[in-house]
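Undergrad: coords below, sequence missing:
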Ligand code: NZQ
Ligand code: ZN
């Protein structure tokens, strides 16, 4: 049965090759002073920076630069962004980049006028926002996180070895987001593949929970099939506009709150991946890929019916003459083959994890209880161990 829910999504999206043309119209709704947030230089190299600056100038904006947002944005960078916003009385934060840049912009938006330490208030104590929130707009250059249409803002504290995803409410969602799939053409293949798996895993996290026959699960199966299909085209031909646009649109729907409505969600792969990210600063999608197969094989017996459905409806496994276990594990084997086709990182050593980190990784992972199994610390450590190349080789 579908649970009770409220559904609203306040972000206005502009999608397509001419989407950036709508930036001027959106800018006209805000004051003159714009904090331009971007990453480590990709937008200067591919020309998006110049296009955005021209539109900002044409619309009479004063630009305050806030570049150098790193993948897995840090709390130190967040403090710097807050200072820029406050000292310059910013009217709008414009994020131009991937999920890290969009997440960071949202974190600054709720922290600039926060009177306490935002890391402690929002990330450790998980308190609500009680100060003024600056509006955020996004020009997205990478498909994956769904940050363009949600309230997520993941921040990393390297000293404390914690990477924490905070989900803020509707009032923190971007006011608008501009999605031109062609802007993603210049992504390195490693990042494209990581983004594709991030999309897929967001859907898995919401799909693998509950035993209900609900609409969300049917939508999720369609989204997963679209990701699998388009990813195979995009990995061969990264400038295939249709494949890249399907991936970009699916990424948005995978995590704009729709498919989570009325059901629980698991999110344990993300909790494991974030723990790895906090220790290694590895690429988000790859941290998920490295732990996924060990995790799903571990929880499969606890949600067997759903894993059978996944095998049949998503991977086209023929279940005739097979036990449920055989069908379910065959589906997971199909998933693993697809992940390898994409060139995803399938073990933790390749992300810089060493055996002596396992206990810390297991300690650092939040335990969620929306999935098929509430994991103990020992089970979590087992999944991390099984995700090490050395263990995978032994298991062969
Ligand atoms: O920094 P620049 O130079 O821009 O380069 C970036 C970065 O190195 C590059 N890139 C982005 N667009 C490009 C490009 N390079 C060439 N051409 C382009 N068009 O790609 C690299 C990765 O970018 P990043 O923004 O870090 O990737 P992603 O979009 O995967 O974002 C990852 C962050 O989002 C968080 C992750 O934890 C991580 O911190 N997440 C946010 C979520 C949310 N808001 O709901 C949910 C996700 O599960 C995720 O946790
Ligand atoms: Zn993710």
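TA: In hand now; what should we look at? For clarity, every value in this text was computed on a predicted model and none was experimentally measured. Numbering: from 1, shown residues only. Ligands and ions are numbered 1, 2, ... in the order given.

Undergrad: Flag every residue of this structure that's near ligand 1.
TA: With CB under 6 Å from any ligand atom as the criterion, the chain meets ligand 1 at residues 39-43, 46, 71-72, 97-101, 103, 141-142, 144-147, 150, 152, 154, 165, 183-184, 186-187, 191, 195, 198, 255, 270, 284-285. Just so you know, the C-beta spots here come from the backbone N, C-alpha and C atoms, and that holds for glycine as well.

Undergrad: how does it look with 5 Å?
TA: Neighbours of ligand 1 within the chain, by CB under 5 Å from any ligand atom: 39-42, 71-72, 97-100, 103, 141-142, 144-145, 147, 150, 152, 154, 186-187, 191, 284.

Undergrad: Could you give me the PyMOL selection string for whichever of those residues are buried?
TA: Restricted to buried positions by 16 or more other CB atoms under 10 Å, the PyMOL selection for those reads:
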select buried, resi 39+42+71+72+97+98+99+100+103+141+142+144+145+147+150+152+154+186+187+191+284
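
Undergrad: Surely residue 167 and residue 150 touch.
TA: Yes - using CB atoms under 8 Å, residue 167 makes contact with residue 150 at a distance of 7.4 Å.

Undergrad: residues of stretch 230-242 that come out buried?
TA: Those would be 230-231, 234-235, 238, 240, for stretch 230-242 by 16+ other CB under 10 Å.

Undergrad: and if you look at stretch 1-11?
TA: residue 11.

Undergrad: what do you get for stretch 315-331?
TA: In stretch 315-331, counting by 16+ other CB under 10 Å, buried: 315, 317, 319, 327-331.

Undergrad: So which of those belong to helices?
TA: The helices, defined by DSSP state H, take in 327-331 from these.

Undergrad: Nearest to ligand 1 among those?
TA: Closest approach between those and ligand 1, by CB to the nearest ligand atom: residue 331, at 22.9 Å.

Undergrad: contacting residues for the residue in the stretch 101-250 of the chain positioned nearest to ligand 1?
TA: Across the stretch 101-250 of the chain, the shortest distance to ligand 1 (CB to the nearest ligand atom) belongs to residue 152, at 2.4 Å. Shown in contact with residue 152 (CB atoms under 8 Å, 6 or more residues apart in numbering): 103, 106, 145-146, 165-168, 255.

Undergrad: what are the ranges of the helices in the stretch 101-250 of the chain?
TA: For the stretch 101-250 of the chain, the helices defined by DSSP state H, counting those that start in this stretch occupy 118, 189-207, 215-236, 241-254.
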